[in-house]
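**Student:** sequence below, structure please.
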Amino acid sequence: KEVFKVAAAMPLPRIAPPANIPLPAAEEPQAAPAPAPAPSGSYGDGVKPSGSPVGAGFTISQGYGVGSHAPADVWGGLDFVNGGGQTLGSPAYSMIAGKVHNSQTYPCGNGVEVTNEHYRILYCHLGAFRAEDGATVKPGDVIGLIGWTGDVRPKSPDGSHLHFEIWEDGVNVNPLEYIK
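**Tutor:** The predicted model follows:
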């Protein structure tokens, strides 16, 4: 198991985007009504991440610790696109029971962190929030809709994708160890 140790309460980076990279305009985050049903699969006990952050048909367009995700201790995660349909506007699902922290940062764009005692899960490039900041969610709840905010590089025909990270007790870990 390859791990990278970082501070337990590491905040999201808040830096200005480089002037030479054109970025799409950020969509206005919106709160939402009732969540859509969770994708099939088990979400376990809600403490340890389990299940999937995306629905059926999604594939990994960039792996853990490679390409722009290297080194993993800085931006270690997975990028997901819908291989069989539209990525933009698809729901992102919580994989743990925890508290929601919404933010707008560069390079993440509209981001959601779901945290509990041992885990911090980060969802980036959302087009809209679907869980209120400070709310408590359970596994399978919709926390946002996939968009193309922040520094997105084309991952799907419309550029949208979900960047997804898991941090366990302050250590960035490969999300594939938890996704079912």
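**Student:** now Thr136: phi and psi?
**Tutor:** Note on Thr136: backbone dihedrals following degrees, to the nearest 10 are phi -100, psi 130.
**Student:** count the neighbours of it for me.
**Tutor:** Counted with other CB atoms under 10 Å, the neighbours of Thr136 add up to 13. No exception for glycine: its C-beta is placed from N, CA and C like everyone else's.
**Student:** and Thr59, by the same measure?
**Tutor:** Here the number of neighbours of Thr59 (other CB under 10 Å) works out to 12.
**Student:** and Tyr43, how far from Ile60?
**Tutor:** Using CB to CB, to the nearest Å, Tyr43 is found at 20 Å from Ile60.
**Student:** pretty sure Tyr119 contacts Gly98?
**Tutor:** Yes. Assessed by CB atoms under 8 Å, Tyr119 is found in contact with Gly98 at 7.2 Å.
**Student:** compare those two (neighbour count), which wins?
**Tutor:** A direct count of neighbours by other CB under 10 Å for Tyr119 and Gly98 places Gly98 higher, at 25 against 20.
**Student:** would you agree Tyr123 is in contact with Leu145?
**Tutor:** No. Counting by CB under 8 Å, Tyr123 stays clear of Leu145, with 10.3 Å between them.
**Student:** overlap of the contact sets of the two?
**Tutor:** Residues touching both Tyr123 and Leu145 (CB atoms under 8 Å, 6 or more residues apart in numbering) are Ala92.
**Student:** those two - which one has more neighbours?
**Tutor:** Tyr123 (27 against 23).
**Student:** may I have the strands that pair with the host helix or strand of that one, each with its orientation?
**Tutor:** Here Tyr123 sits within strand 119-129, counting by DSSP states H and E. Strand 119-129 has the following strand partners under DSSP bridges: strand 109-115 (antiparallel), strand 142-146 (antiparallel), strand 162-168 (antiparallel).
**Student:** any chance of these in a markdown table, with distance to Gly77 too?
**Tutor:** Formatted as a markdown table, the strands paired with strand 119-129 follow (distance: least, CB to CB, whole Å):
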| stretch | distance to Gly77 |
| --- | --- |
| strand 109-115 | 11 |
| strand 142-146 | 14 |
| strand 162-168 | 4 |
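**Student:** mind checking these for the one nearest to Tyr64?
**Tutor:** Closest approach to Tyr64 among the strands paired with strand 119-129 (CB to CB): strand 162-168, 9.1 Å.
**Student:** averaged pLDDT, that closest one. What do you get?
**Tutor:** Mean pLDDT, strand 162-168: 93.
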